[in-house]
Each structure stands twice: as structure tokens, then as C-alpha cells.
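1. Model the structure of this input:
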Amino acid sequence: MSITKPGRIAYINARILDPASGFDGPGELLTSGEEIVDVGRKLFDGKPPSDVTVVDCEGQCLAPGLVDMRVQLREPGEEHKETLESASEAAVASGVTTMVCLPNTNPIMDDEPTLEFVARRARMLALTKVYCYGAVTKGLLGKELAEMGLLAEAGALAFTDATRAIADAQVMRRALQYCATFGLMIVQHPEEPTLATGVMNAGEIATRMGLAGVPREAEIIMLERDIRLVAMTNGRYHAAHISTADSVEIIARAKADGLKVTCDTAPFYFALNELAVGDYRTFAKLSPPVRAEADRLAIVEGLKNGVIDAIASDHSPQDSDSKRLPFPQAAFGGSGLETLLAVSLDLHHNGDMSLLDVLRRLTVAPAELLGLEAGRLAKGRKADLTIFNPDEGWKVIADNFKSKSKNSPFDGRPVQGRVLRTVVDGRTVFNLMADAHPRAGAKKAQAR
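-> Take a look at the predicted model:
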């Protein structure tokens, strides 16, 4: 597949949002090829050079492309649920220019060839950038450590057993010790497996529905154990998709003690509570489960005060047959890519966080956690951009997703925030803007 190198492009009449520098104001941005050449309030005095292609943003927001640090791609092995191509198309339609995928593919990413296969496929598609986690243990079985050093050399950004917790304390201790030696990070799914045998949040609603519950303590106990191991080993530890008020407190204490501990959450856990399960609604069957309202509010507070470092989509695509089953038998997981920005913007529209702070959790914060040079609008940086209207309302209709997975707990939800254009390495890979009249071209959407 040949890729045409873009020329010089000027983005004018934009509201520039750069969370890394804290800039929020009118401005212009110039790219040449794959890089940002300049960004500022007035680059051209209204007269861009004749050899520059002009994109008039008409006052819409221009921000760094989103960095999604938790995505399940399903390829190789389960292409009926999702492929690299369908996930990439879903990503660019939602302003995501960088995805980091979990190693729970088939074969599992516990060796170099599988990582290299995914990277090669992503380069061929030339849509969003795709990076990989490596497995902590061979086969994700939680027993024998994988060759993390070799995986890191092959491009693994960090290490995780994906949706399985590393339950054996000795294995986790050894993994943290090994990673501490080489400056690597362990990403944990914090859930004590012998307690996490239910299908929704434990409590009154689960009891009334006759469903087995997953107690909050499953997450809390695992986090508390892991923090002790981090203190023993001086390892670097990241807790994925935290969902309880106690988890926020545990992470806050660990940070105050100077431990190398960070965490993320997903829109499911600050925008939904256990009532989303409703009348046995399997689209809202997630792992960890959506919690009580008090926990949801605590997650919002954790994002506001900075205890929670990043927001990830936690995209976990399932095929329809796996979801259209009785609740106890239905698969865990939901599609999250195409609602990532719009649902996260609820935090801004509800007055909980500034627009810059929301974007920070979606761009430069996850990039810094993973050592990526992404999420910034600055000279010399890659031209990975998104243009969006933060106020445009729309209704989530999962059947219209570009993802193969049409299972979204947000299906039918009104949201605000529409991605208009996505640019990766200077190339427009998604566009709802016409050259002369940006909104007039909305019905001629294209993703290439």
C-alpha cells in the first residue's frame, strides 16, 4: 500500500487546545509532511503562502489526537468480533490517533512475532497508530513470567495480563522486581479472582434481580495487596479501569507516599452506575462492573483532583451472539472507542472539569505514562490532530458504529461532542468537513 506524503497544510480560524502547555485560545497551526511546523495565535496574518493547503476550522476546537491506552483489538484470532481495520476506522472516527492494545489475542502477545504482526498490519492500514502491551506471564496464565525484556525490545510499551489479574503475589512480586530493573511498567486488572465470580455489582439491585454480585472488595483487596508489593520492590505499577471510591483513596495514599503508582478509568465508570443494567441489559455487563452512584461520584472526583491520571476507552468488543444471551451467560465487555470523546466531554458540560483538563486525561497524560511522543501541539511533533465541535449533540446508535461490535452500554444516550476531522502524521484519515463549508459536507463523511 503506497502512502502519499502530505504537503504543507495550514489550519486557520481554530480554537487551539493544547493540554500540555495549557493553551486554550484562537490560533493557527501549520504542518509539513508528518510534522507540526508551527503553532500560534497568528502565523499568516490572514494570507497563507500560495503553496499551502488551507483548512478553515471555523472556530472549532483543534487538539492533539487522542491516545487510548486500553483497547482490545481481537486480531489475530477473533476477527469476527473486531479487526485491526474496523477498530482503526472506529478510532479515527472518534479522534483517536494512537491506540495501545492488550495482549489477549490468539496467539497471545507473549512473544515477538505476534507483536510484530500487529505492528505490521497497522502500518499497512495507515489509519491510527497502534502499539502493544506485552504479556506479563506466558499464556496469560499467571504462573511463569514471559520474556519481558525481549518483548520490550520488540516494541511492547508496558506489560499486563489484560483482563486477568496477576493473582499470585509471588509472581507479581517477581514481575515488579524485574520491571523495576529495566524501568518498565506493570498494568494490572485489579480484581481478586476468587471474589470476582459474579456478573454485576454486588448489592441490593443484584439481590433483587437474582444475579450473583461482584463485591467492591474484589478490586479494593487486590489494589491494597499490589501497593504493598510496589513498596517492597520499588516497581512501577498502573491500575487499570478503577471503579470504586476506596480505589481512589488507595491510589491517592500511594502517590502521597511517593510510590510509582498511577491509574486510569473508563467512561463507563464515571458516566454510568449499576442502574444501567436495568432490565437485564447485557450491553452494560462489564468487567469490572458498573458500580453504585457513590462510587461513580468518587471516580468523577478522582478525575477532578488528579488522582486518576488518564481516561481510556476500555474498548472490549463482543459479537452479537455473545451478548444476546441470558445475563449470567452473556460475555463481559462493550464497545467504547466511538463514544470515548463525547462521553468524556460530559465532565466538561456538567461543570466538573475544564475542557483542557478533560483533554489532558485523553492525550498527553496517557502518552507520558507510556513514554510516547504524542498528545502535544508543538513544533517538531508529529501532526496527529483532531478537530471537533464540543457542543454538537447527537444520539449514540450502536448499530451505526464503524466497529464490528455494536454492543454499547451508551446505546440510545444523548451526548455532546462531534469529531469533524482526524489527522495522523499529517494525513487526513477521517473527515466530516467540506473544504469551503465545513458543516455542509457532514453528509459526505468519509474515512479512508
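2. Quick check, pLDDT for residue 443.
-> For residue 443, the pLDDT comes out at 33.
3. again, but for residue 436
-> Here the pLDDT value assigned to residue 436 is 37.
4. just residue 101 next, same as before
-> 96.
5. if I look at it, how far off is residue 149?
-> Using Cβ to Cβ, to the nearest Å, residue 101 is found at 20 Å from residue 149. Using the backbone N, CA and C atoms, a C-beta is placed for each residue, glycine as well.
6. The two: which is more packed in?
-> For residue 101 versus residue 149, neighbours defined as other Cβ atoms under 10 Å are more numerous around residue 101 (26 against 15).
7. residue contacts, the closest residue to that one other than its chain neighbours?
-> Distances taken as Cβ to Cβ, 6 or more residues apart in numbering place residue 73 nearest to residue 101, at 4.5 Å, with adjacent residues excluded. Counting by Cβ atoms under 8 Å, 6 or more residues apart in numbering, residue 73 touches 82-84, 87, 99, 101-102, 105, 118, 130.
8. again, 6 Å this time
-> By Cβ atoms under 6 Å, 6 or more residues apart in numbering, the contact set of residue 73 is 84, 87, 101.
9. Same list (those residues) but as JSON lines, adding distance to residue 218 and secondary structure.
-> Conversion of those to JSON lines gives the following (distance: Cβ to Cβ, whole Å; DSSP: H, G, I helix; E, B strand; the rest coil):
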{"residue": "84", "distance to residue 218": "32", "secondary structure": "helix"}
{"residue": "87", "distance to residue 218": "29", "secondary structure": "helix"}
{"residue": "101", "distance to residue 218": "25", "secondary structure": "strand"}
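10. Let me have those residues in CSV, extended by distance to residue 122.
-> Output for the contacts of residue 73, formatted as CSV (distance: Cβ to Cβ, whole Å):
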residue, distance to residue 122
84, 6
87, 10
101, 9
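11. quick one, longest helix in the protein?
-> Once the chain is assigned using DSSP state H, the helix that runs over the most residues is helix 217-233.
12. other SSEs contacting it?
-> Using 3 or more Cβ pairs under 6 Å, 6 or more residues apart in numbering; DSSP states H and E, the elements in contact with helix 217-233 are helix 169-182, helix 245-256.
13. Dump the helix or strand immediately after that helix in the chain to CSV, keeping only the CA atoms.
-> Following helix 217-233 in sequence order, the next helix or strand is strand 236-239 (DSSP states H and E). Only the C-alpha atoms of strand 236-239 are listed here, as CSV (Å, rounded to 0.1, in the frame of the first residue of the first chain):
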residue,chain,number,x,y,z
ARG,A,236,6.2,0.9,38.6
TYR,A,237,2.6,0.0,38.7
HIS,A,238,-0.6,1.1,36.9
ALA,A,239,-4.1,0.2,37.9
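14. Show me which residues of strand 236-239 are buried.
-> The neighbour-count check on strand 236-239 (16 or more other Cβ atoms under 10 Å) flags 236-239 as buried.
15. now, among the residues you listed, which is nearest to residue 419?
-> Nearest to residue 419 among these: residue 238, at 26.9 Å, using Cβ to Cβ.
16. pretty sure the closest one is touching residue 188, no?
-> No. Using Cβ atoms under 6 Å, residue 238 is not in contact with residue 188; the gap is 7.1 Å.
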